[in-house]
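Q: what's the 3D shape of this:
(chains A and B)
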There are 2 protein chains.
Amino acid sequence: MVKLLTIAGLGPGASNMVTPNVQEAISSATDIVGYIPYVARIPPRDGLVLHPSDNRVEIERAELALDLAASGKKVLIVSSGDPGVFAMAAAVFEILDKNPSRWADVEVQILPGITAMLAAAAKIGAPLGHDFCTLNLSDNLKPWGLIEKRLLLGIEADFAMALYNPRSKSRPEGFNKALTILKRECSKDRLIVFARAISTPEEKIQIMNLTQAKPEMADMQTVVIIGSSQTKALIQNGKTFAYTPRYSKLGSTN
Amino acid sequence: MVKLLTIAGLGPGASNMVTPNVQEAISSATDIVGYIPYVARIPPRDGLVLHPSDNRVEIERAELALDLAASGKKVLIVSSGDPGVFAMAAAVFEILDKNPSRWADVEVQILPGITAMLAAAAKIGAPLGHDFCTLNLSDNLKPWGLIEKRLLLGIEADFAMALYNPRSKSRPEGFNKALTILKRECSKDRLIVFARAISTPEEKIQIMNLTQAKPEMADMQTVVIIGSSQTKALIQNGKTFAYTPRYSKLGSTN
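A: Here you go, the predicted model:
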């Protein structure tokens, strides 16, 4: 009996950004496991069992999926964006690593998806066109001090930065602190982009200078992109874009 | 007359990782512009003009595409992976920024794709499951000193790191130097992954400790992923994976 667990990325929201191999995995699955709003993106059909679960129960969700796969079901865990970027793939391997024998004969495969920062960057222009870093701003699983350290080193390296999970109702303070650090360390005209719910009907994009940025502009559906010192805005055919040139120099980087 | 230039990402190589909206843009284009091996991925058809060009002529390629779009052609620039990650989107905006009036009425749209590091990470497990940075190792457009600075700061931040364009025939020395720095600054069991031509018939993946890594393992078709200090290897159902846990602590990071 084949025992297969697939972990797939649904992309940022639009159905025309779901890759064909993820679409095929959805079509052939018997069981779909994932966070409630992501499972809601899967059209119901006869013979398909949906297993939606709440936020912050990634470990229980991974165990359920592995148990179903071990019983012979064709199980698909769905993540928004890409399953390998702050999503379910790491959670599944954490559980497998802690229980090396329990699901030893389950084959695991991961199908990539368009992660939020790439969808946002495409809508905005090319803000990640040069070296960049990607940070999860949630301190649920790491201390805030580590986030602050990485933010400061990212600024020192003059990376463009993509910030995931910038701000939630239960932790509104982190992004305030991150913005304060950015405003203190970077020049006033540094570009910042708030990209919310890209490719969905609720899509909203705001490009501005750091001085104009306010904490309330971000929520859990927003990816925030901070330009490097070299990132520029331009207006093309009436629309504002931001891009980071491919070339760069050593020297002052604020 | 609509004047539209589309810049699209073809993903890492496999046709089942091309998103439907990129597929639609290919089907409706009159002209395809891009680097020779990427244009070669587009099936010829009546009425479609292919404009393949050599490496390192990104600016001329962008100008050709903009001129064709300005003349009313439906032009598609194709990049491998994602067009916004070390690819053609930034080059097009550089040219538009330098010539603000020449193509003022051309609408530009960018369609994201699965970039190499996400395709590689999915095949390997979840090495980018926590904070990470993405570096272009080519010093064609930036000084080597800046690459070295960012590499050292990336290590200090304990990011997992994805290194694009690690090594070419014309610049074999850079990756040697990068490996020397990594071996000096990181512990011996730090994981490194060489992921070459992911999702193509030439796909090759090597996971090892830093001490076993050799410069010749990388070429221009390889993306190199360096784990953070927390990245672990595990064997699941006979296959070796690497993942970075979602949680992390402050402290020693080598």
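
Q: and A:Thr115, how far from B:Asn237?
A: According to C-beta to C-beta, to the nearest Å, A:Thr115 and B:Asn237 sit 26 Å apart. Quick note: C-beta positions are derived from backbone N, CA and C, even for glycine.

Q: how about A:Gly81?
A: 26 Å.

Q: all helices of the stretch 51-200 of chain A, in order?
A: Using DSSP state H, counting those that start in this stretch, the helices assigned to the stretch 51-200 of chain A run over residues A:58-70, A:88-98, A:116-124, A:144-156, A:173-185.

Q: what's in contact with the shortest one?
A: Read that as helix A:116-124. Applying C-beta atoms under 8 Å, 6 or more residues apart in numbering or on different chains, the contact partners of helix A:116-124 are A:11-12, A:17, A:80-81, A:85, A:127-128, A:134, A:162, A:164, A:193, A:195, A:198-199, A:203, A:205, A:207, A:223, A:225, A:241-242, B:82-85, B:89, B:110-113, B:115.

Q: swap the cut-off to 6 Å and go again
A: Contact with helix A:116-124 is made by A:12, A:81, A:127-128, A:162, A:193, A:195, A:198-199, A:205, A:223, A:242, B:82, B:84, B:110, B:112, as judged by C-beta atoms under 6 Å, 6 or more residues apart in numbering or on different chains.

Q: what's the PyMOL line that selects buried ones from those residues?
A: To isolate the buried members of the contacts of helix A:116-124 in PyMOL, using 16 or more other C-beta atoms under 10 Å in any protein chain shown:
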select buried, (chain A and resi 12+81+127+128+162+193+195+198+199+223+242) or (chain B and resi 82+84+110+112)
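
Q: determine which two of the contacts of helix A:116-124 are furthest apart.
A: Farthest pair in the contacts of helix A:116-124 (C-beta to C-beta) is A:Gly81 and A:Ala242. Separation: 20.4 Å.

Q: present the helices of the stretch 51-200 of chain A as TSV; the columns should include mean neighbour count and mean pLDDT.
A: Conversion of these to TSV gives the following (neighbours: other C-beta atoms under 10 Å in any protein chain shown; pLDDT from 0 to 100):
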stretch	mean neighbour count	mean pLDDT
helix A:58-70	20	97
helix A:88-98	24	97
helix A:116-124	28	98
helix A:144-156	19	97
helix A:173-185	16	97
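
Q: for chain A, which segments count as strands?
A: Secondary structure of chain A (DSSP state E): strands at A:4-9, A:31-35, A:49-53, A:75-79, A:107-111, A:125-126, A:132-136, A:160-164, A:191-196, A:204-209, A:222-226, A:232-236, A:239-243.

Q: could you export those strands as a markdown table, including mean pLDDT and distance to A:Arg184?
A: Shown next, in a markdown table, are the strands of chain A (pLDDT from 0 to 100; distance: least, C-beta to C-beta, whole Å):
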| stretch | mean pLDDT | distance to A:Arg184 |
| --- | --- | --- |
| strand A:4-9 | 98 | 35 |
| strand A:31-35 | 98 | 35 |
| strand A:49-53 | 98 | 40 |
| strand A:75-79 | 98 | 34 |
| strand A:107-111 | 98 | 39 |
| strand A:125-126 | 98 | 27 |
| strand A:132-136 | 98 | 17 |
| strand A:160-164 | 98 | 15 |
| strand A:191-196 | 98 | 14 |
| strand A:204-209 | 98 | 15 |
| strand A:222-226 | 98 | 13 |
| strand A:232-236 | 97 | 22 |
| strand A:239-243 | 98 | 22 |
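
Q: mind putting the ones you listed into JSON lines with distance to chain B?
A: Converted to JSON lines, these look like this (distance: least, C-beta to the nearest C-beta, whole Å):
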{"stretch": "strand A:4-9", "distance to chain B": "8"}
{"stretch": "strand A:31-35", "distance to chain B": "14"}
{"stretch": "strand A:49-53", "distance to chain B": "16"}
{"stretch": "strand A:75-79", "distance to chain B": "11"}
{"stretch": "strand A:107-111", "distance to chain B": "4"}
{"stretch": "strand A:125-126", "distance to chain B": "4"}
{"stretch": "strand A:132-136", "distance to chain B": "4"}
{"stretch": "strand A:160-164", "distance to chain B": "9"}
{"stretch": "strand A:191-196", "distance to chain B": "12"}
{"stretch": "strand A:204-209", "distance to chain B": "13"}
{"stretch": "strand A:222-226", "distance to chain B": "11"}
{"stretch": "strand A:232-236", "distance to chain B": "5"}
{"stretch": "strand A:239-243", "distance to chain B": "4"}
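
Q: out of those strands, which gets nearest to B:Gly72?
A: B:Gly72 lies closest to strand A:232-236 among the strands of chain A, at 17.6 Å (C-beta to C-beta).

Q: name the helices or strands packed onto that closest one?
A: Packing partners of strand A:232-236 (3 or more C-beta pairs under 6 Å, 6 or more residues apart in numbering or on different chains; DSSP states H and E): none among the helices and strands.

Q: what residues are up against A:Tyr243?
A: Neighbours of A:Tyr243 in contact, by C-beta under 6 Å, 6+ apart: A:Gly125, A:Ala126, A:Gly129, B:Ala90, B:Phe93.

Q: switch to 7 Å and redo it
A: Shown in contact with A:Tyr243 (C-beta atoms under 7 Å, 6 or more residues apart in numbering or on different chains): A:Gly125, A:Ala126, A:Pro127, A:Gly129, A:Thr231, A:Lys232, B:Ala90, B:Phe93.

Q: try A:Thr231
A: Applying C-beta under 7 Å, 6+ apart to A:Thr231 gives the contacts A:Pro127, A:Ala160, A:Leu191, A:Ala242, A:Tyr243, A:Thr244.

Q: so what pLDDT did it get?
A: Confidence at A:Thr231, expressed as pLDDT, is 98.

Q: dihedrals phi and psi, it?
A: phi -70, psi 130 (degrees, to the nearest 10).

Q: over to A:Thr200?
A: Dihedral pair for A:Thr200: phi -110, psi 170, per degrees, to the nearest 10.

Q: how about the contacts made by it?
A: A:Thr200 neighbours (C-beta under 7 Å, 6+ apart): A:Gly13, A:Ala14.

Q: roughly how far apart are it and chain B?
A: According to C-beta to the nearest C-beta, to the nearest Å, A:Thr200 and chain B sit 14 Å apart.

Q: with A:Asn176 instead?
A: From A:Asn176 to chain B the distance is 20 Å (C-beta to the nearest C-beta).

Q: just confirm that residue contacts A:Lys214, I think it does.
A: No: the criterion here is C-beta atoms under 7 Å, and A:Asn176 misses it with A:Lys214 at 9.5 Å.

Q: kind regards, and thank you for your time.
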